[in-house]
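Participant: Mind looking at a prediction? Sequence and model below.
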Amino acid sequence: MPIHHVLIVDDSKTELMYLTDMLQKSGMVVRTAENAEDAFKKLAEQKPDLILMDVVMPGQNGFQLTRSISRNPEYADVPIIMCTSKNQETDRVWGLRQGARDYITKPVDAAELKAKISALG
């Protein structure tokens, strides 16, 4: 399934702008959310083809949100790529155990992210 619609969940406006710009230049439609509550609202409005998930956010963190989304039958088929500054191997393993399909560390390398997205689509 080709990936066209992406939901980016990150509390950093700088990251949201950077990732949105990069993905839109690749022809993708991007929606953003700054926290878990906003993310669930956006999910209910339109199911994306992919979610890019930050980890460190106020309230529910990205690991918790990934677990909630991946265990919800309505959204379990939506791949999640963790996109975070947490660069320890234990963080990557934990993210994958929560249901993420892949894990990339910030600062995000555009070519690496595009390759990971292509591998999913």
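Facilitator: Received, thanks. Bear in mind that the values here come from a model prediction, so they are computed numbers and not experimental data.

Participant: quick check: longest helix of the chain.
Facilitator: helix 13-25 (DSSP state H).

Participant: Grab the most central residue of this protein for me.
Facilitator: residue 52 (1.4 Å; Cα atoms, centre = their mean).

Participant: and that one, what are its bridge partners?
Facilitator: residue 8, residue 81 (DSSP bridges).

Participant: per-residue confidence at the closest residue in space to residue 87 that isn't next to it in sequence?
Facilitator: Excluding its sequence neighbours, the residue lying closest to residue 87 (Cβ to Cβ, 6 or more residues apart in numbering) is residue 105, at 4.4 Å. C-beta coordinates here come from the backbone N, C-alpha and C atoms, glycine included. The model reports residue 105 with a pLDDT of 96.

Participant: In contact with the residue nearest to the centre of the chain, which residues?
Facilitator: 6-10, 19, 80-81, 83 (Cβ atoms under 8 Å, 6 or more residues apart in numbering).

Participant: and the longest helix of the chain, how far from the chain's centre?
Facilitator: Distance, stretch centre to chain centre, for helix 13-25: 12 Å (Cα atoms, centre = their mean, to the nearest Å).

Participant: Between helix 13-25 and the helix or strand following it, find me the angle.
Facilitator: Next helix or strand after helix 13-25 toward the C-terminus (DSSP states H and E): strand 29-33. Put simply, strand 29-33 runs at 160 degrees to helix 13-25, going by axes from the mean of the first three to the mean of the last three Cα atoms, to 10 degrees.

Participant: Provide the contact partners of the helix or strand just after strand 29-33 at residue level.
Facilitator: Heading C-terminal from strand 29-33, the first helix or strand you meet, by DSSP H and E, is helix 36-45. If you take Cβ under 8 Å, 6+ apart as the criterion, helix 36-45 is touched by 7, 9, 31-33, 48, 51, 57, 59-60, 64-65, 68-69, 75.
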